[in-house]
Every structure is written in structure tokens, then in C-alpha cells.
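>>> give me the fold of what follows.
(3 chains)
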Amino acid sequence: MNRYLIDRVTRHLIQLLVGLVVALILIFLGYLIWQGRHQVTWTFLTTSSEVGLGIRDQLFNSLYLLVLTLLLSFPIALGSAVALTIYAKQNIFTRLAQMAIEVLSSLPSIIVGLFGFLFLVLKVGLGFSVLSGAIALTFFNLPILTQSMILALKNVPTSRLEAGISLGVSQWHVLLKVIIPEAIPGIISGIVLSAGRVFGEAAALIYTAGQSAPQLDYHNWNIFSANSFLNPLRPAETLAVHIWKVNTENIGIDADKISRGAIVILVVVVLLFNFLARRLSNYLQQKNGGR
Amino acid sequence: MAAMKQADLAGYLNFPNQDIALRCTDVNVDYATERAIFDCNCVFPKNKITALIGPSGSGKSTLLRCLNRMNDGRAQVSGTIDYEGTNLNDQQINVYQLRQKIGMLFQQPNPFARSIYFNLAFGIREHQAISKSELEQRMREVLEMVDLWSEISGDLQRHANHLSGGQQQRLCLARTLMLQPDILLLDEPASALDPIATAKIEANLLALKKDITIIIVTHNLEQAARISDYTAFFYQGYLVEYDRTKHLFLKPHQKLTADYLAGNFG
Amino acid sequence: MNLVELKSPSKEIRQDHWGKILCYAATGVLLLLLLTMMYFVFSKGIRTFTVDGVKVWKFLTTSQWEPTSTTPKVGALALISTSFLTTILAAVIAAPIAIIIAIYVVVIDTKIGTKLIQPIVELLLGIPSVVYGFVGLTMLVPLIRRSFGGTGFGILAGMLILALMILPTITSLAIESLRGVDRSYWNFAYTLGGTTWQVITHVILKIAAPNLIIAVIYGIARAFGEALAVQMVIGNTIQMPINLLTPTATLTSKLTTDIGNTVAGTLANDALWSLALILLLMSLAFNLIAKRFAKRRVKS
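Alright, predicted model coming up:
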């Protein structure tokens, strides 16, 4: 009969198409890593872009910004998630907050960058700096991180909270000592996932952390010194911004080599983060399934 | 439907005040959109087991949760609930202190996903400084009370998730016993358990009542008949009848009670 | 136990008090953040019309962008239409592929689908946009140049890159929406003698349609706001999008290239903030539209 033929043909067509797309994606990802394999050398990773062919300072800036961003956004995200999942009585305040999270999470990152430029760099006067960049990235990161914190907390059965409260313990201590510890795999998986996004973000940074990477002195621990690697008020071009910049401004023939190498690092780090997050959430599912 | 008045109650039960653990007077409970309990008046005698029965949605669990203020933040409770001469429904009551004295066990076993040791130590460590040896001594006592000590061969480090459902529920019981409560509230504690596990819990409760007043919500009429001394029947938010369990089951005064016990509804 | 003890304060009251304050403060920060951001972009964005006296209508319907000439003109029509065209074309390419992948994962082969296909597609989610931009710039643009002539920069390159970028977004959401269709519906259709294909087209896709539309809207929203990848391949010349192969510019690419080169308070700068305002409003609009569909689904 005709419809059985249609069924078989469409099934094979779908399989073919899916196979093709997946193959293309794998080729694309493989290419990203393969194309720059010759560039990634120890010298490349440890040379300042100011003196030679290298990305040392950009790599450090990316990591430094990542750490600062997570330090800034984690407490706010966890706090809001707790307010919205545990304390939340449905009121105007929590509804507004939920809406804010949704709106923020779909806001284009270039808007976050422009706002950071206007507010942090110019109005507050932080200039193009690590701090401006970290705060802008916090704006960018907060909605995603809060959403995954909410998810992680919701994964802990509410009966745990009731059990704790019925023992006469304060909600706050039940939270700190029972709920949050139990949500930790989910929380970490959320952090790692958002870390991947933060690490690769450029649009929010080009006008906040800036587009220049002054050569850093890694032995200078004085955070107020201009060339100290820890100075939060120095400009800090990150790896992703560097790739964008060398490709749009054509700084000479090295642009191609630099970006190829930098992309390998960027992609590998991001995929590593994703892989870790996936492993963690799988672990979580298994743990829950085994209960 | 007329709620039972204190006067009617007195007809069945004449307790001297010192034998009463909790006395509810004109208790009303309102959720955001509807009233769940209408003018409830009843007493819970000391060192007895009182069963609250009735069909789903009759308000028995709601009333139970009023008794240690677990309805705070979910429902509006009015009226007085007298506990040792104090109205525990007063906003000035320190609910944290109260809940240590009036413990609760829930429908689903809900141990913390940690070791047995953590489960038992958590509550008491929050409230008092206690030496490790004293703590472990108390753990052993409560685990023996619920017959769990030998089943886990004294291994306090065992993960609570690795216990069976019945063992988990008994661990939760032990967890509340750690605080040495006066009153124990149980919200269908055996409904998620098999008959053998249920029998063990029931045996624990019967043994515990010499020290503790027990109030248990149950769907299981046989369970109410087996273990309780007094039974209260709730229907659509009203306390319909309250009597000694034997009297209520054999000679109910209200037609509604008789219908329910006969299985005509609910 | 006596009256005094039951009414005396304890450390638990203090803990819950401060805990609540702390968490609500965090939520307050989140709210404050959005409000400040909206306020700043809004107040900057309307200056073009309130201070510089450009008519809103003129801004939206003309396409000349010469804010620094002696007779300054700012018309965003070319930028707006390029943004829309590129975005919609990207969705036209990506959405069918995404939905087919979702069908494969949810209906045709659940095991390979969830264990292999879905994770691979979702790997793309994490790839930073500059990487897409770089690939577009170094592979796609030369390829287009060789195949079709011209510079290679333009809408074609932009939409292909965007399609690749939003493919995983739409796919993930589409998979979720197909999974949301109650199994009993399809089992029922099977027992009536339907083939898999009939069950897919007559039952699953129809029930999941509102959610699939939401998935595509989120994809479009992401594409519309994407800045760097597009900016790297679109050519950055303000021109009406009459040809897929000529260089042009979108709202985001214009913002990216120019915001650092203008002086605050000038028309050139204000006009750029107006573009940012449009972008912000569109992002809100996409959110609202998606909400609308979510409501419709609940009703039906």
C-alpha cells in the first residue's frame, strides 16, 4: 500500500538528512581544532602579543575575567534562586524577578556591552578595565546562572525542607546544610556551563574590558601597579575579543595564524566545559534514578 | 452541617485538664481561595494515640499541620490551640522551639540524602551543644526504639538512601525522637509502605505512647482501629464525630460517620 | 516547658530573618540591573528624537545614514530590513532541519537520538560567536566569492552563519516540545493503524505546533541580537538589502563597528543608541510573542 511506502521513504530521508547534518557538524568541529594544530605551541601560549606571536596575556585575561565574573555572579544567582524557589510566595516581586530573568536571558549581549560601556566605563569611570568587563559579564551571565541554580534547587525534593523545618531548624540552616549540599552537582554543572559561555563571550567585552592587552608582569603582586597581572583597573583584551579584533582590523599577516591558534584554545576549553557539565548532570540523573 | 461544640464533646469525654495535651478551640483554617477547616473544637489526650480519619480533602491533614505551625505561610489559621497553658497559634510563639516539642512525620519517607548519622545529628546539633559520646548514645537509644539499630548493625555511616522504604520511615521517626518531643504528629506515615513495614511502624508507635502523645492522620480505617485510643472523623472541613475508637467504630452517633465506616463513600 | 520559653526569641528567628533579607537583596540586585539597563538604553536612545529633532517616522523609513555630513541624515530602514531579512532567512534554513532532527531524536530513533545526535548538535551551543565569525570570514566568504562572484561579504554569508548558530537552539527546544506531546495520543494513532509518518504529521507535529513556533521565535531572537559573527561577514556598508551578495549592514553590526568611533552627545552617537533601543525593544517583543504562543497552548 502507498502510505507504507511513503512511511519508509520519509523515514530513510530523515535518517539520511540527520546523518548528513551530524556529519557536517562533526567535520566543522573537527576542522576548528585541526586547522590550528600547528599554531598551538608552548611559545604561542607563553609569548605576549606585544612582543611576538602569542596569546599569553589574552589567555590570562580570559581566565581572570571568568573567575571574577563567577565570583560576582554566583552569590547573586544563588540568592535569587533561593528567593524564587524556597521563599517564593507568588507575589508581584517574585513575578517581576522571574520576568526580569527571562528578559535578561534573551537580551543581545551587544546591548549588555553597550550598557557597560555607557554606565561602567564612562559614567562610573572605571574605564576599559578588568572590572568593567567582569561586571558586564556578570550582567550577561546572571540570568543563565540563576536559571540553572533554580533548576538545581528544584531537583531537591521539597520534602527535605519540610523535614528540616519540622525539626525546629531555621529554613536558612536547612538550606545551607541540607538543600544546597544536595543540589551541589546541579549547581556545579550550571556554573561550568555558564563558564563556557562567559569564556567565549566577546560582544559584551569589546567596549568594557577593552581591546588592548598591555604586557603583564606576572611577578608583580601589587594590584595597584599598572602592569600587575592582578590590577583590576587595567584594560584586558580576552582571547575571544582578540580573535575578533585581529580579524576585523587586519593587523598584518599574522592575524590568520593568531586566530587559528587562539580558536583551538577557545574551542577546546569551551567543549571541555560542556563535556564536564554534561558528565555532572548525567551523574546527577543516575543518582536520582537510583533512589 | 453543624460543627461539634465543646459541649457535645464533653458528653463523650471528660478529661481533667492535666490529661489533655492539646486543646483546639474554634479553629478555622483558610487557604487563599477556600476555607479548609470550620470551627474545629477538640482535645488530644496525653499519652494516647488519636487517629484523624476522613475522605481526601476533609481537612484532617490541614488540622494536623496547624498543631506544630507547619501551615505558617501557606494558610491563615484562627482560633486557639492550647498547649500546656499557652496558645500555640499565637504569632508571638517561637515556632522553632515549638516544633522541637511537637515533632512531625510525613507521608513519604524523607530522610536527608546523607548518612544515618547526619540525619540523626542534624536537628539536635542545631539546638544544643552535645558531646559526641552523648550524641551517639542518644542515637543508639532512638534507633533501638524504632528497631533499626540491629537492622543496620550499628552502622551509623550507612547512606540513608540505601535503606528500604520502611527503614527510611523509621529513620525519620528516630530523627524526630532525637529531640525528645512531647507530641508526635504523623501524616499518613504508612501509606507509602507495604504491610510488613506498616506493622513495624505501628508496633513502634504503640511502644512510644507511654512517653509521647501521638496524633495520626490515616486513610487506613483498620490501622486507626488497631492502634488508636481515640478517633476523630472529619468531613469537608468539619469535625463530624469524636469518640473513643471502640465507640466510634462500633456505635457511631452520626449517620455520616456510619456511612463512611461502611464504605459508602470516600 | 512553659509560656516564657515558647515565646522567647532564639537564634533561628535571627537566621531566617537575615537569610531572607540576603536572598531578597540578591533578587533586588537582579531587578535593579534590568531596570537600570532599560533606563539607560531608553534615555540615550530617544535623544535622537527629543534632542536632535529627528522625526521617528523619518528614522524608521529612510535609509540614508550620514550623521556627520553638513546636512546630517539618519535613516535606519536599511539596517532594520537587513537585520530582519538575514534573521528570517536564517530561520527558514535552520528551522526545518532542526525540526527534522527533533523528529528523529524523539520519534524515529530515540536511543541513537538522545545518546548521540542530540549531544552532538548541542555541542554547537557552546561555540563562541567569534569562532563562527572566523569560519564565515575564512571559509564561507571566499567560497561565495569563488562561486557567485562579488566580494563574498553580504546577506548570504550572514544568514548561513546565523543558520548554523541557531540550529542547536531551535533543535533543543524543538526536541523538548516534541517530547512534551503526550504518548497516549500517538499510541492511539498507532492503534488506529497509522504509519509512523502519519502519526508524525497528523498527530505529533500538530499538537506540538505552538511550542515549535516558540522554539523558532527563540532562534530568531538569538539571531536578531547576534553581533560579532554577523559583523565579520556582512560587509558593513549601509545599503538596502536588495541583493544577497552585496555587502550591507545590520543593526548589530553597525553598533559594533561605530559605537567606539563616535563622540557622546553628537547626533552620530545618539543615532547609534537609537539602534540599540530598537534592538532592545525587538528583544522584548520576541519575548512577548513567545509568551503569547505559550498562553495559547495552555488554552487549547
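>>> chain center to the lengthiest helix in chain A, what's the gap?
For chain A, the helix with the greatest residue count under DSSP state H is helix A:254-289. Its chain's average C-alpha position is 11 Å from that of helix A:254-289, according to Cα atoms, centre = their mean, to the nearest Å.
>>> wait, does that helix contact chain C?
Yes. Contact of helix A:254-289 with chain C (Cβ under 8 Å from any Cβ of the partner chain) involves A:256, A:259, A:263, A:266-267, A:270-271, A:273-274, A:278. C-betas here are computed from N, CA, C, even on glycine.
>>> then stretch B:40-59?
No. If you take Cβ under 8 Å from any Cβ as the test, stretch B:40-59 misses chain C, and the best it gets is 13.1 Å.
>>> output that stretch as PDB, restricted to C-alpha atoms.
In PDB, the C-alpha atoms belonging to stretch B:40-59 read as follows (Å, rounded to 0.1, in the frame of the first residue of the first chain):
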ATOM      1  CA  CYS B  40     -13.000  22.800  65.000                       C
ATOM      2  CA  ASN B  41     -13.200  22.100  68.700                       C
ATOM      3  CA  CYS B  42     -11.400  19.000  70.000                       C
ATOM      4  CA  VAL B  43      -8.900  17.700  72.500                       C
ATOM      5  CA  PHE B  44      -6.000  15.400  72.200                       C
ATOM      6  CA  PRO B  45      -5.400  13.300  75.400                       C
ATOM      7  CA  LYS B  46      -1.900  12.800  76.800                       C
ATOM      8  CA  ASN B  47      -0.100   9.600  76.100                       C
ATOM      9  CA  LYS B  48      -2.800   8.300  73.900                       C
ATOM     10  CA  ILE B  49      -3.000   7.700  70.200                       C
ATOM     11  CA  THR B  50      -5.600   9.800  68.400                       C
ATOM     12  CA  ALA B  51      -6.500   9.000  64.800                       C
ATOM     13  CA  LEU B  52      -7.800  11.500  62.400                       C
ATOM     14  CA  ILE B  53      -9.800   9.900  59.700                       C
ATOM     15  CA  GLY B  54     -12.000  11.000  56.800                       C
ATOM     16  CA  PRO B  55     -12.000  11.100  53.000                       C
ATOM     17  CA  SER B  56      -9.400  13.000  51.000                       C
ATOM     18  CA  GLY B  57      -9.900  16.800  51.300                       C
ATOM     19  CA  SER B  58     -11.700  16.500  54.600                       C
ATOM     20  CA  GLY B  59      -9.200  18.800  56.300                       C
END
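>>> residues near residue 274, how many?
Looking at chain A here, since you left the chain open. If you count neighbours by other Cβ atoms under 10 Å in any protein chain shown, residue A:274 ends up with 21.
>>> look at chain C instead
25.
>>> figure out the helix or strand that the spatially closest residue to it that is not a sequence neighbour lives in.
Closest residue in space to residue C:274, ignoring its immediate chain neighbours: residue C:48 at 4.4 Å, by Cβ to Cβ, 6 or more residues apart in numbering or on different chains. Per DSSP states H and E: residue C:48 is located in helix C:47-50.
>>> other SSEs contacting the helix or strand just after that helix?
Using DSSP H and E, the helix or strand that follows helix C:47-50 in sequence is helix C:56-61. Using 3 or more Cβ pairs under 8 Å, 6 or more residues apart in numbering or on different chains; DSSP states H and E, the elements in contact with helix C:56-61 are helix C:47-50, helix C:77-103.
>>> okay if I get those helices as a markdown table plus mean pLDDT and mean neighbour count?
Formatted as a markdown table, these follow (pLDDT from 0 to 100; neighbours: other Cβ atoms under 10 Å in any protein chain shown):
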| stretch | mean pLDDT | mean neighbour count |
| --- | --- | --- |
| helix C:47-50 | 93 | 18 |
| helix C:77-103 | 96 | 22 |
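>>> tabulate the ones you listed (CSV), appending distance to residue C:6.
Converted to CSV, the helices and strands packed on helix C:56-61 look like this (distance: least, Cβ to Cβ, whole Å):
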stretch, distance to residue C:6
helix C:47-50, 62
helix C:77-103, 58
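>>> for residue B:119, which of those is the nearest?
Of all the helices and strands packed on helix C:56-61, helix C:77-103 sits nearest to residue B:119, with 43.1 Å by Cβ to Cβ.
>>> is there proximity between the closest one and chain A?
Yes. Under the criterion of Cβ under 8 Å from any Cβ, chain A is reached by helix C:77-103 at C:97, C:100-101, C:103.
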